[in-house]
Structure formats: structure tokens, C-alpha cells
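> Quick one, what's the 3D model for this:
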Amino acid sequence: MTEIIQSITDLKKHIAIDFIAGFDVLEFAVEDREQELKKKYIGDALWANLIKSYDGTFQDANPEIVTLHTKALWYCQRVVSNFSLLDYIPEGQLDISANGIRITTSENKKNAFPWQIKNLEDKYRTTAERNLELLLQLFNENLLLFVDWTSSPAYVANKGNLINSAREFNTYININNSHLKFLRILPVMSYVEDFYMRSVLGDAFYEELLERIKDGEDMDALPADPTAAVIAAEYDNVFALVKGAITHFTGFEASNEIGCDKDLCEKKAAHYMQRLIEYLNNIASATLFNNYFTSSKYTAPVDDIPYKAGEGIDNSQFSGVFGAF
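Take a look at the predicted model:
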């Protein structure tokens, strides 16, 4: 049973399907994609509220929350619609019956050329991925208003890394904002975060940054309070350097998958890491970046002696991967 796409009319709001007369031929694909979206990205509580938004029964004392849930529903429907049509293409090209599997031709119509079908598949996939990224961006930019998402296992699963979306990754290395490509390289990126970054930041500071990112601090606007704004800005600088290092180390480890220059990624990763360590060692104190300041990773700057790029980096496990250039 489908829940947020229940008819051809719903589908036509998001995709051109005048050639399909009945919803039944797509219902199985819609149901599969709805369940995948619910379990992997949305969670039960938010999904229940999206169904209410679909029915027009969702209510909240804050009208902004109602508006955001309506927008989230729209993105979800766009994702489900396009992925469902992508799933339908192989069967839609064929006439499957008790008599076998055939293709249908006539004097006026013939099957599309392979390149036309490929273009259509690419269009559906790209549109679905783009809207999935926009959906996650909507959630991350409004964490305090999507409490039905932040309290779910889906939230934990989708905020478990220092970089959590193709859009963030794409800021440093172009992967065409492909969410599916991001998922494919996620295990490599998780390895990079666990070993490359922990090696440099130390466990306590690494875990602090991870918690701050889960709370959306890397995406929030600066606080109104001047003192808090200065601290938040310093953390934003660290987030940018950390993410730059992670993406390029991931590019180094998964260059074939991403389609990037391995040597260039290695050099850029080293530059980001070098700058990160210089920044932390020169700014960390008992009141700023304390978890780093009190760790064995911290190297105090020496007066009148220029800081040497790369000092303080535990490079023993990754010899040749990063250092001073």
C-alpha cells in the first residue's frame, strides 16, 4: 500500500506520464521506493507526519513547522516519483504476458532507441538524487523544527560522519552532487575520518566535532551574541579545513570511483591537513578547542621560532600520504 503517492494524479505533479493510464502498473515500484525512503532517510515519526501533510491533517502551533513539513513532503514525492519511473523502465519497454516476453511495434510507433532510454534513465536518477539532497539540506538547516526527524534512528544514521551529504562533498571535489556516488564512497570516507582525522585531532576533539555537526553547528548562522559568534566562527574555520582534508583524502583513497586525479588529491589533502594543524596549534587554548589543547596532539608555538608546517602530525601510520609540501 502506497502512502504519499497514491494515484496517477499525484505522480503527474512530479513527472510527465500521460502515457500511463492506470496507477497499478507503477504501484509496486512506488511502494518499494516509499519504504526505502522511510527507513533509510525519514524515520517512522516524521513519515507519519508527512502522511498527515499529504492528507491535510498535520497541525502545529508554529505555522513555520507546518510549511516545512509540506515542503518536505513535496521533496519526498519528487524523489519517490522519479525513482519509481526509473524502476519501471525495464518492464515498461516490454509486453509481459502468459505468452512470453515481447516488444510491441506498429506502423506509427516503435521502441525508443537505446540512447533515448539511457537519457531518460539519467534524467530520472539525477532528478531524484537532486531532490534527495535538497530534502536532507532542508532537514539539516532546520534541525530545531524537525524534532520528529532528529529524534529518529534515521537522523543518527544520516548524521554519523563529519561530512554527511553529496552537496557538502561536492564543495571540495565535484561528484555532480550524486547522492548514490556519495553512498558508494561513504565506507572509504568513514575510514578516512576514523583513522586519518582521529590520528591528527585526537579522540576527544574528534568526538566533539562530530557532536557539533550532529547538532547542525557547521550549518547554523553565527549567534547574535558577539562572544559566541567569535567562537562559532573559529569552529566554522576548523569545520572547513577538516572537511577539505576528508574529501581529498577520500579522493586519494577512492580516485577510480570518484574519477579524480589521485596525486592532486593527495597533495591538496596534505595542504588542508597542514593548515588545520597550524591553525589549531596557534589558536587552541583552555577556553577554545580545549579538547585539542589538552591532548597529546597539541604542539605549542615557540616564540621567535617560525612554526614548521606539519609538526604535531602523527604521520606514522600513513607515511607518504600527508606532510609538508
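
> helices and strands of this structure: which one bottoms out on pLDDT?
strand 100-102 (a mean of 49; mean pLDDT, DSSP states H and E).

> Give the other helices and strands that the biggest helix by length in the chain contacts.
Criterion DSSP state H: the longest helix present in the chain is helix 63-92. In terms of contacts (3 or more Cβ pairs under 8 Å, 6 or more residues apart in numbering; DSSP states H and E), helix 63-92 is packed against helix 8-12, helix 24-37, helix 44-55, helix 114-140. Glycine gets a C-beta too; all of them are placed from N, C-alpha and C.

> can you do 7 Å?
helix 24-37, helix 44-55, helix 114-140 (3 or more Cβ pairs under 7 Å, 6 or more residues apart in numbering; DSSP states H and E).

> Okay, angle between the last one and helix 63-92 too, please.
Put plainly, it is helix 114-140. 160 degrees (axes from the mean of the first three to the mean of the last three Cα atoms, to 10 degrees).

> same question, the second one
When the same axes, to 10 degrees is applied, the directions of helix 44-55 and helix 63-92 differ by 90 degrees.

> Now do helix 44-55 against helix 24-37: the angle between them, please.
140 degrees.

> again, but for the longest one
For helix 114-140 against helix 24-37, the angle by the same axes, to 10 degrees is 40 degrees.

> chain center to the helix or strand following helix 114-140: distance?
As assigned by DSSP states H and E, the chain's next helix or strand after helix 114-140 is helix 147-150. Averaging C-alpha positions (Cα atoms, centre = their mean, to the nearest Å) puts helix 147-150 17 Å from its chain's average.

> And helix 147-150, what's buried?
148-150 (16 or more other Cβ atoms under 10 Å).

> Report how many residues lie close to residue 120.
14 (other Cβ atoms under 10 Å).

> about what we covered before: and the longest helix of the chain, which residues are buried?
65, 68-69, 72-88.

> Disregarding flanking residues, what is the spatial nearest neighbour of residue 185?
Of all residues not flanking residue 185 in the chain, residue 254 sits nearest, at 4.9 Å (Cβ to Cβ, 6 or more residues apart in numbering).

> And the pLDDT at the one you found?
Residue 254 carries a pLDDT value of 95.

> and it, how many residues sit next to it?
Neighbour tally, residue 254, other Cβ under 10 Å: 22.

> pretty sure it is touching residue 189, no?
No: judged on Cβ atoms under 7 Å, residue 254 makes no contact with residue 189 at a distance of 8.1 Å.

> can you pull the contacts of residue 192?
246, 249-250, 253 (Cβ atoms under 7 Å, 6 or more residues apart in numbering).

> any idea which of the residues you listed is the one closest to residue 121?
Distance to residue 121, by Cβ to Cβ, is smallest for residue 250 among those, at 26.7 Å.

> Is the closest one in contact with residue 186, as I believe?
No: contact between residue 250 and residue 186 fails when scored by Cβ under 7 Å: they sit 9.2 Å apart.

> okay, now residue 302: neighbour count?
Residue 302 - counted by other Cβ under 10 Å - has 10 other residues nearby.

> how about it, secondary structure?
coil (DSSP: H, G, I helix; E, B strand; the rest coil).

> Distance check, it against residue 293.
From residue 302 across to residue 293, the span is 16 Å (Cβ to Cβ, to the nearest Å).

> can you tell me how far residue 3 sits from residue 37?
Separation of residue 3 from residue 37 (Cβ to Cβ): 10 Å.

> And the two? Which one has more around it.
The residue with more neighbours, out of residue 3 and residue 37, is residue 37; 23 against 17, by other Cβ under 10 Å.

> Who's the closest spatial neighbour of residue 257, skipping the chain neighbours?
Nearest one to residue 257, counting by Cβ to Cβ, 6+ apart, is residue 185 at 5.6 Å.

> mind putting the helices and strands packed on helix 63-92 in JSON lines, distance to residue 266 and mean pLDDT included?
Below are the helices and strands packed on helix 63-92 laid out as JSON lines (distance: least, Cβ to Cβ, whole Å; pLDDT from 0 to 100):
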{"stretch": "helix 24-37", "distance to residue 266": "36", "mean pLDDT": "93"}
{"stretch": "helix 44-55", "distance to residue 266": "40", "mean pLDDT": "97"}
{"stretch": "helix 114-140", "distance to residue 266": "27", "mean pLDDT": "91"}
